[in-house]
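A.B. asks: quick check, what structure comes out for this input:
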Amino acid sequence: MLDLTNVTDGTSIKFQGTTTFGQKKWAGPLIKLKGKTSQSLAP
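C.D. replies: Prediction:
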């Protein structure tokens, strides 16, 4: 899991290129994001 739950408030996270995850059976999530007025950007 990509854990982004401890980012500073107001942080911008930009995903560029290709984000891949290995193959495994599990309950998820793949990405966890938390914060006040935070934003994530992806093309």
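
A.B. asks: residue contacts, the most centrally placed residue in the chain?
C.D. replies: Taking Cα atoms, centre = their mean as the criterion, residue 31 is the residue nearest the geometric centre of the chain, at 4.3 Å. If a contact means Cβ atoms under 8 Å, 6 or more residues apart in numbering, then residue 31 has 1-2, 4 as its contacts. Where you see a C-beta, it was placed from the backbone N, CA and C, and this is true even at glycine.

A.B. asks: just give me the least confident of those residues.
C.D. replies: Among the contacts of residue 31, residue 1 has the lowest pLDDT, at 82.

A.B. asks: model confidence for the nearest residue to it once chain neighbours are set aside, exactly?
C.D. replies: Leaving out its chain neighbours, the residue that sits closest to residue 1 by Cβ to Cβ, 6 or more residues apart in numbering is residue 32, at 6.0 Å. The confidence metric pLDDT takes the value 87 at residue 32.

A.B. asks: neighbours of residue 32, how many?
C.D. replies: For residue 32, the tally of surrounding residues (other Cβ atoms under 10 Å) stands at 12.

A.B. asks: residue 19 now?
C.D. replies: For residue 19, using other Cβ under 10 Å, the count is 10.

A.B. asks: for the one 10 residues further on, same thing?
C.D. replies: The burial count assigned to residue 29 is 10, neighbours taken as other Cβ under 10 Å.
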